[in-house]
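Give me coordinates for this.
(2 chains)
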Protein chains: 2
Amino acid sequence: MDIAALRKSHPDHWTKAAAIRALTLDAVAAAKSGHSGMPMGMADVATVLYEKHLRFDPRNPDWPDRDRFILSAGHGSMLLYSLLHLTGYADMTIDEIRNFRQWGARTAGHPEYGHASGIETTTGPLGQGISNAVGFAIAEESLRARFGPRLMDHRTYVIAGDGCLMEGVSQEAITLAGRQRLSRLIVLWDNNNITIDGSVDLADRTDQVARFRACGWEVIEIDGHDPDAIDAALTAARASDLPTMIACKTHIALGHAAQDTSKGHGALTDPDQLAAAKQAYGWSHGPFEIPSDVKAAWEEIGRRGASGFDAWTARLEATPPARQAEIARIFAREVPKKLTARIRALKKQVSEEAPKVATRKSSEMVLEVVNPIMPETIGGSADLSGSNNTRTGDMTVFDVENRKGRYIHYGIREHGMAAAMNGMVLHGGIRPYGGTFMCFTDYARPAMRLAALMKVPTVFVMTHDSIGLGEDGPTHQPVEHLAISRATPNTHVFRPCDTVETAEAWELALQSKDTPSVLSLTRQGLPTLRTTHKTKNLSAQGAYVLADAEGKRRAILLATGSEVEIAMAARDLLQAEGIGTRVVSMPCWELFEAQDERYRRRVLPAGPVRVAVEAGIRFGWDRWLYGERGRREKGTFVGMHEFGASAPAGVLYEQFGITAEAVAAEVKSLL
Amino acid sequence: MDIAALRKSHPDHWTKAAAIRALTLDAVAAAKSGHSGMPMGMADVATVLYEKHLRFDPRNPDWPDRDRFILSAGHGSMLLYSLLHLTGYADMTIDEIRNFRQWGARTAGHPEYGHASGIETTTGPLGQGISNAVGFAIAEESLRARFGPRLMDHRTYVIAGDGCLMEGVSQEAITLAGRQRLSRLIVLWDNNNITIDGSVDLADRTDQVARFRACGWEVIEIDGHDPDAIDAALTAARASDLPTMIACKTHIALGHAAQDTSKGHGALTDPDQLAAAKQAYGWSHGPFEIPSDVKAAWEEIGRRGASGFDAWTARLEATPPARQAEIARIFAREVPKKLTARIRALKKQVSEEAPKVATRKSSEMVLEVVNPIMPETIGGSADLSGSNNTRTGDMTVFDVENRKGRYIHYGIREHGMAAAMNGMVLHGGIRPYGGTFMCFTDYARPAMRLAALMKVPTVFVMTHDSIGLGEDGPTHQPVEHLAISRATPNTHVFRPCDTVETAEAWELALQSKDTPSVLSLTRQGLPTLRTTHKTKNLSAQGAYVLADAEGKRRAILLATGSEVEIAMAARDLLQAEGIGTRVVSMPCWELFEAQDERYRRRVLPAGPVRVAVEAGIRFGWDRWLYGERGRREKGTFVGMHEFGASAPAGVLYEQFGITAEAVAAEVKSLL
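Just a heads-up that it's a prediction; the model follows:
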């Protein structure tokens, strides 16, 4: 790589790119940790992207019609932070850059959504950003179809590394993007041939160009340090009617002694080598120092977007007020005002009609109410549409020819689906939900965790949530998955016991602006237990008394979902023997935990023995079997203690001993 | 599809394949659930494979040098069960087929490893089987290099469906297989263009042929109902020096009214349609009835393998007894006798020298002892070799030119790595371990669950196991991952506090024959706490008293891993105030749970208050904060209550309040 020639042929470009490289070297050296090489390698690509293609306005970072830039190779976070600082995002000050990777700084080790403007998604776990990006691109297509290109007309740009492309989730996303011909999606592959362990070749010899083409993508190969080639490739990509991957041949840690080595991937902190690299760049300024002319040139780039924003705002203001309000509403993640009334009406109806249906079917009944009044929902399933009951009657299929379609066939790609849904929420204007079997939360888990970490209200519709699945056997029967979901911070796990609770769960999931929800739903039919209509959303408190003891209260049964029916039957057995028994339905532990202690004590008072019943493992239940800190009750658990088995559901409940009789016997053993 | 022509041109083949189709139709109809279409579509391929290529001996199903057949599309389980029954596997009786999907039957909804001979791995969660297969093929290459082709010379055949290929994990495995040129791996793709939701086209238009070629595979395209073409393709695949994918164009539910439809994917139970399909097959026999000539023809196929087995046995017996014993040992998953002595010597040495090292480094120290005496270990990492400390000095890299290498660069493919490792254990003769960051157990989780379900002792080396990771931030900091691993049945989660416990954990992980282990290891240095040498493996009981109270025992501190040091410091603070404090180290909850109640009570006696400390979430800890059933202690927890943050590790421990002072304060608040 002839740096001198590049400096000479493109001096203005070079200086701007050198500012990124210098900031990266300084910040990583100050933190004594981080990844220097990637920003140094991709600085040219990023500079051309921001200077000549990306439509953004640092003063209006939430502009709905901005282009999105996603740094999927999140370890190169200093690339993004440098760009945000240089182009004038107010919250990305030079002090933030100086405090790279320190407590309280916006400049976390990996880009964290919500820490600073211009960070569109949290990246770091590889493959996630590129998969989010597919959701961004779907959101754009959907909103453009809905509101027209005068209001929605933007692109999603991604920088991805070799790691992103090795991770399986990226292939799920890439093949989905190819299938959907998401032409507004442009991936810049940092083809530097280096990973942490050494040459990419150690682990991979895939022909990425051919692989992307096989997936229905346009591919352009360029020298990632040639500004003209980068510009031409981006121009061509924008004109393509396919998603485009631009393979950018780059040198990791360009100009540093560690260039083109795996050492260059990490933290380059040697002062002499740092000085030598800066000298090669012709960069003679002090640490964190950006000369005013360079800063001015970058800020000029940042200012260019203002006219686009102003023109867009004018177009928006020329639309009917109702439309403006609608756009504001959906980007604010607000539910329509009438949602609650519609949910209440459904609750009233089902509490009167008391249908016996599986809660996956209940969920469909709720969605039949929700989807017509929330045009921002996009439903889907990972090839289990008929089982997950996620498609409602009004939904057509999102496709190349039908961008107004609101149902996505994600294919057998649970992980890609979850990551794409996160992308749609992050994009804004869309409320996605998607289904698979509860057991396959395993596959979607890395993206589900990121939804929680990013505080985005993605809704995961997880059906077939226990051994009630039956004959498909233990590979398909969740036993630890409720525990896994509940163990994840900032996640609401709803396990409703009937259609009324399912309606309440959906209302809460949709009202949430910053917490993802997992809806754990049955395959098997369940009776309606909430047969007395209450307008209040009882599930909002997480747990409540479904049936109180008659006579002296000696036992409390705690249950969720399909096992509430069993608890109610056990209560009948116990009451028949004169043992006063309360049943507490606990559709959402996290919301119950969030109540004040007084409410929790009212629901779970001291004194009575406690038996929890759930067709999953005990792990986590001890929290509720004993009292508040310092209080002491006897308690035990009826549920699973191992993996499930293949047999009809009724047989499994008997064989694993999850029955009303077993619950009643446990109560009596504790009295 | 002209069935009549096929019947006429290949009558013998046809009848054998029809037996599979008929058994499938009968079994699914009897169970009223299952998947008929796939076995009906792939019966021709499977018949030719078993008749003309697969080397197997139903009387010796564990023959180490047999070919392996993996039904990655596990929902088509009746294909495998039919083949096992027809070829004469003694435990796959017609009664088992009749009891398809019923309690206690070997014929679970999806093939379950261990339920019957000839089931090489558990499949059903899509993409797993094909990814296991890559591990099988690696194992074969490794053992062939070690023992020579006279003892190890076999192939791995896989049937995979569209679902397998859409799942990201399969691409991780496929690209790894391409990189490693695993020419003994042959994948038969059931290219039927149907998934549950409908045509594959709904969700995917990938050119699979081009994609496999881009990944370094040979590809052959055939009509999957033409026996001659199938035979020729398998012959060519066996001769190739690349892994081969045979794209078999098939008709799902061949000959049934539901042929070529998504309905055909599921359970076909209509009696009239079933009769019509059988008529099209020329199959006039009753349900579950196989005419004796057809059964005889199939059993003849099953008998052919005996000569191969006998010849192999003769060759084995001609080798030196030590070599025979070694092969027997490694296939029995036995550790060498000297392992325990070597581990003890290491424990003695480190308890004397008391080094301060990270437990990931401790793990490397143990592996330096283990690997030279256990040639069956194969180590690796998902591109974090230097961080996971998984490569020891004696290990060379497994590669095309060095099949004796015992270290695998898995690339950034945590899920593929985990699935491949499972495959190696299942193959036999190999004890794999592989590393990534603890947080990325998320990516590997579906395969980790299957290791537990299948009862195979895969070892997952998970480093950087808390906020102690530091600056990389919350995306890389596990907080719920200990809970997730512990929640999984049949999984040993070891979180050692120093090098001595790390050595004990490794010993237990390697001694295990049927439980996978997760080693949760620190990035940061830890002091040696076990400074008095004990020959006994104290970790084997899961938890033990590391330091007892001086004076009256008023508090018990429970801790794991890096927080045991904090507990010990808290004990110092409390003892200084005259508060007698015991510290219990709990390196493995599951093993402690498995002790008798007497031992548990001895370690955690009634009376003293309990404070647990762990740099993860509380979820699950309540089990230990309170006493045995019916017993009552006060307890609380010091640890994480949310996601982590990006900052140096020491700062994070302070900011999140995980300190000796905080632990001591909690104790005092409870007294």
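
Excluding chain neighbours, give the residue nearest to the closest residue to chain B within the stretch 201-350 of chain A in space.
Using C-beta to the nearest C-beta, the single residue of the stretch 201-350 of chain A nearest to chain B is A:Ala203, 3.1 Å away. Backbone N, C-alpha and C define where each C-beta goes, glycine included. In space, and not counting its chain neighbours, A:Ala203 is closest to B:Gly411: 3.1 Å by C-beta to C-beta, 6 or more residues apart in numbering or on different chains.

and the one you found, how many neighbours does it have?
Neighbourhood size, B:Gly411 [other C-beta atoms under 10 Å in any protein chain shown]: 28.

Any figure for the gap between it and B:Gln180?
Between B:Gly411 and B:Gln180 the computed distance is 11 Å (C-beta to C-beta, to the nearest Å).

joint contacts of those two?
Taking C-beta atoms under 8 Å, 6 or more residues apart in numbering or on different chains as the contact rule, B:Gly411 and B:Gln180 have no neighbour in common.

For the residue nearest to A:Ala203, report the pLDDT, please.
We have a pLDDT of 98 for B:Gly411.

State the phi and psi torsions of it.
phi 80, psi -180 (degrees, to the nearest 10).

residues touching it, list them.
By C-beta under 8 Å, 6+ apart, B:Gly411 lies in contact with A:166, A:195, A:202-204, B:172, B:175-176, B:179, B:382-383.

how about a cut-off of 6 Å?
Listed by C-beta atoms under 6 Å, 6 or more residues apart in numbering or on different chains, the contact partners of B:Gly411 are A:166, A:203-204, B:383.

Please produce CSV containing those, extended by pLDDT.
Shown next, in CSV, are the contacts of B:Gly411 (pLDDT from 0 to 100):
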residue, pLDDT
A:Met166, 98
A:Ala203, 97
A:Asp204, 97
B:Asp383, 97
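
Which residue would be the closest one in chain A to chain B?
Nearest residue of chain A to chain B (C-beta to the nearest C-beta) works out as A:Gly168 at 2.4 Å.

And the strand ranked longest in chain A, what does it pack against?
Secondary structure assigned by DSSP state E gives strand A:609-617 as the longest strand of chain A. Using 3 or more C-beta pairs under 6 Å, 6 or more residues apart in numbering or on different chains; DSSP states H and E, the elements in contact with strand A:609-617 are strand A:553-559, helix A:562-576, strand A:635-640, helix A:660-670.

and the third one, which residues are buried?
The reference is to strand A:635-640. A:635-640 (16 or more other C-beta atoms under 10 Å in any protein chain shown).

for the longest one, same thing?
Neighbour counts over helix A:562-576 (16+ other C-beta under 10 Å) mark A:562-571, A:573-575 as buried.

same deal with stretch A:140-147?
For stretch A:140-147, burial by neighbour count (16+ other C-beta under 10 Å) applies to A:140-147.

which strands and helices sit next to the host helix or strand of A:Arg303?
Per DSSP states H and E: A:Arg303 is located in helix A:292-317. Using 3+ C-beta pairs under 6 Å, 6+ apart, the elements in contact with helix A:292-317 are helix A:77-87.

follow-up on the earlier one: what residues does the longest strand of chain A touch?
By C-beta under 6 Å, 6+ apart, strand A:609-617 touches A:466-467, A:479-480, A:482, A:555-560, A:563, A:566-567, A:621, A:625, A:633-640, A:658, A:663, A:666-667, A:670.

That strand: how far from the chain's middle?
Relative to its parent chain, strand A:609-617 has a centroid offset of 30 Å by C-alpha atoms, centre = their mean, to the nearest Å.

Let me see the mean pLDDT of it.
97.

The residue of the stretch 201-350 of chain A closest to chain B is in contact with B:His409, isn't it?
Yes. Judged on C-beta atoms under 6 Å, A:Ala203 makes contact with B:His409 at a distance of 4.4 Å.

close to chain B, is the helix or strand of chain A with the lowest mean pLDDT?
Least confident helix or strand, chain A: helix A:622-625 with a mean of 89, by mean pLDDT, DSSP states H and E. Yes. Helix A:622-625 lies within reach of chain B by C-beta under 6 Å from any C-beta of the partner chain, at A:622-623.

just checking, what packs against that helix?
If you count contacts as 3+ C-beta pairs under 6 Å, 6+ apart, helix A:622-625 packs onto helix B:622-625.

May I have the helix it packs on as PDB, with CA atoms only?
Output of helix B:622-625 as PDB, limited to C-alpha atoms (Å, rounded to 0.1, in the frame of the first residue of the first chain):
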ATOM      1  CA  ASP B 622     -32.300 -18.400  46.200                       C
ATOM      2  CA  ARG B 623     -32.100 -22.200  46.100                       C
ATOM      3  CA  TRP B 624     -29.000 -21.800  48.300                       C
ATOM      4  CA  LEU B 625     -29.900 -18.800  50.300                       C
END
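
Many thanks, we can stop here.
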